[in-house]
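Quick one, structure for this:
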Amino acid sequence: MQPKTWIGDFIMATQPPANAALPLLYQGLEPLNSGQHGAMKLKRGQTIPNVGQVHAIPVTIDEFIHAQRTYPIIFSAGDQPIPLALMGLNEGVNTFIDANGMPIDQNAYMPAYLRRYPFLLAKLRPDSDELSLCFDPNSGSVAEDGEDALFEGDQPSELTRNILAFCEQFETAGQRTHAFMQEVLKLDVLMDGEVSIQPEGAQQPFLYRGFRMVDEEKLRNLRGDELRKINQNGVLSLLFAHLFSLGLIRDLFYRQVQQGKGPQGLVLPDVGGGAARGQGTSKAKDDAQA
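Sure thing, here's the model as predicted:
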């Protein structure tokens, strides 16, 4: 049964618990309602605070095909991994969004997690499955001097209804992603990942760890019935999208270098094609050669 979603005055007295962990990039949560926000409007062209210092953004499986053309898709470490699109290889480094929150590459796919900001659906009461449309009041995007009305009288505007629909779609995609990850964990095909990149002229490779990836050998050695099942339910194609995207890690490394965000002292050759001149491999942590 899907949780109900609401926007209105009747459940807005309850605020998110003060000790509740906030999602990535959100600095606060406030339920949207006509009583408090009837005169508020959405500002156009606002950026996301601090996104330029975030190197990995959650993605849903609905986005894998689009995202894997631009970003390496990896899985977070820990017992409950989630898919992440890498925008940089180091904490605090984003090669696709600048320090002002503006896209560096206008043609790059923008994850839905970022496109829904400053809004999201949140469960405000622990004893209820109802989800309420909330926003980050610190975003600067919702204000009386904005351009696009969020309410028409005491009713949500068409813009707000569209925002709610997008957040509902994201929530549903998130549920599908959770189911996908549970299937992947049952298959036991994830391993600790390591990427080794040695640019031309570097005495030693640069190593990147702290994520999980699919072990291709384990995937190949699955039983026939398991392979048939994940081929039919679409899991296999998603795993391949992840594996294909890992080839972009080396390109991401060189994006960092080109933007002056790479390892200290590393400079690309003056001629083009620097990324093709380096060497990069992805392998299991246990098999790593330092």
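
where exactly do the strands run in the stretch 51-200 of the chain?
Ranges of strands in the stretch 51-200 of the chain, per DSSP state E, counting those that start in this stretch, are 56-58, 73-76, 83-86, 119-122, 131-135, 142-143, 148-149, 151-152, 155-156, 190-198.

Show me the one of those that comes nearest Glu171.
Checking the strands of the stretch 51-200 of the chain against Glu171 by Cβ to Cβ gives strand 119-122 as the closest, at 5.2 Å. (C-beta placed from N, C-alpha, C; glycine too.)

related to what we said a few turns ago, can you redo the strands of the stretch 51-200 of the chain as CSV with mean neighbour count, mean pLDDT and distance to Glu168?
Formatted as CSV, these follow (neighbours: other Cβ atoms under 10 Å; pLDDT from 0 to 100; distance: least, Cβ to Cβ, whole Å):
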stretch, mean neighbour count, mean pLDDT, distance to Glu168
strand 56-58, 21, 97, 17
strand 73-76, 21, 97, 24
strand 83-86, 24, 98, 20
strand 119-122, 21, 95, 7
strand 131-135, 24, 94, 8
strand 142-143, 18, 94, 19
strand 148-149, 14, 95, 20
strand 151-152, 16, 94, 19
strand 155-156, 16, 94, 13
strand 190-198, 20, 93, 30
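
for the ones you listed, which one sits closest to Gln258?
Smallest distance to Gln258 across the strands of the stretch 51-200 of the chain (Cβ to Cβ): 14.1 Å, for strand 190-198.

pull the helix or strand with minimum mean pLDDT from the chain.
Sorting the helices and strands of the chain by mean pLDDT, DSSP states H and E puts helix 274-277 at the bottom, at a mean of 33.

by contact count, what packs against the longest helix along the chain?
In terms of residue count, the longest helix belonging to the chain (DSSP state H) is helix 158-187. On a contact count with 3 or more Cβ pairs under 8 Å, 6 or more residues apart in numbering; DSSP states H and E, helix 158-187 meets strand 5-6, helix 112-115, strand 119-122, strand 131-135, helix 224-232, helix 235-245.
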